[in-house]
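Visitor: Give me coordinates for this.
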Amino acid sequence: MQDHLPTEDNRIRSLENWLPLAQAENMRNGWGLNGAELEQLVHDARTALELTVSLLGARTILWQHYRLLREERA
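Guide: Numbering: from 1, shown residues only. Just a heads-up that it's a prediction; the model follows:
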């Protein structure tokens, strides 16, 4: 399991692991997020994503954090 300290290496590792799925969900669901917004989404969801054990769980976590991100910007 990754160290939960907010180091630059952990941030990069998290992006490497989860950004491709976030990009796919962005396209699949028509969220319209840009690269910086996708990185923020992954960052916000990182702790929950590290605990998930399935693709469906990860997709659900990203969807939930997308909705939170959208509500914050409204």
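
Visitor: What does residue 38 show for phi and psi?
Guide: Backbone torsions for residue 38, taken as degrees, to the nearest 10, come to phi -70, psi -40.

Visitor: Show the contacting residues for it.
Guide: Going by CB atoms under 8 Å, 6 or more residues apart in numbering, residue 38 touches 19, 22-23, 26. Where you see a C-beta, it was placed from the backbone N, CA and C, and this is true even at glycine.

Visitor: repeat for residue 48
Guide: Residue 48 neighbours (CB under 8 Å, 6+ apart): 61, 65.

Visitor: how about 6 Å then?
Guide: Counting by CB atoms under 6 Å, 6 or more residues apart in numbering, residue 48 makes contact with residue 61.

Visitor: And it, how far from residue 23?
Guide: 18 Å (CB to CB, to the nearest Å).

Visitor: quick one: low-confidence ranges for the chain?
Guide: For the chain, the stretches with pLDDT under 70 are 1-6.

Visitor: Keeping just the C-alphas, turn the biggest helix by length in it into PDB.
Guide: Counting residues, the longest helix in the chain under DSSP state H turns out to be helix 8-29. What follows is helix 8-29, C-alpha atoms only, in PDB (Å, rounded to 0.1, in the frame of the first residue of the first chain):
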ATOM      1  CA  GLU A   8       5.300  14.600  -4.900                       C
ATOM      2  CA  ASP A   9       6.300  11.000  -5.700                       C
ATOM      3  CA  ASN A  10       3.000   9.700  -4.300                       C
ATOM      4  CA  ARG A  11       1.100  12.300  -6.200                       C
ATOM      5  CA  ILE A  12       2.800  11.300  -9.400                       C
ATOM      6  CA  ARG A  13       2.300   7.600  -8.700                       C
ATOM      7  CA  SER A  14      -1.400   8.200  -8.100                       C
ATOM      8  CA  LEU A  15      -1.800  10.100 -11.300                       C
ATOM      9  CA  GLU A  16       0.000   7.400 -13.200                       C
ATOM     10  CA  ASN A  17      -2.300   4.800 -11.700                       C
ATOM     11  CA  TRP A  18      -5.700   6.500 -11.900                       C
ATOM     12  CA  LEU A  19      -5.500   9.300 -14.600                       C
ATOM     13  CA  PRO A  20      -6.100   6.900 -17.500                       C
ATOM     14  CA  LEU A  21      -9.300   5.600 -15.900                       C
ATOM     15  CA  ALA A  22     -10.400   9.200 -15.100                       C
ATOM     16  CA  GLN A  23      -9.700  10.200 -18.700                       C
ATOM     17  CA  ALA A  24     -11.800   7.200 -20.000                       C
ATOM     18  CA  GLU A  25     -14.700   8.100 -17.600                       C
ATOM     19  CA  ASN A  26     -14.500  11.700 -18.700                       C
ATOM     20  CA  MET A  27     -14.900  10.700 -22.300                       C
ATOM     21  CA  ARG A  28     -17.500   8.000 -21.600                       C
ATOM     22  CA  ASN A  29     -19.700  10.200 -19.500                       C
END
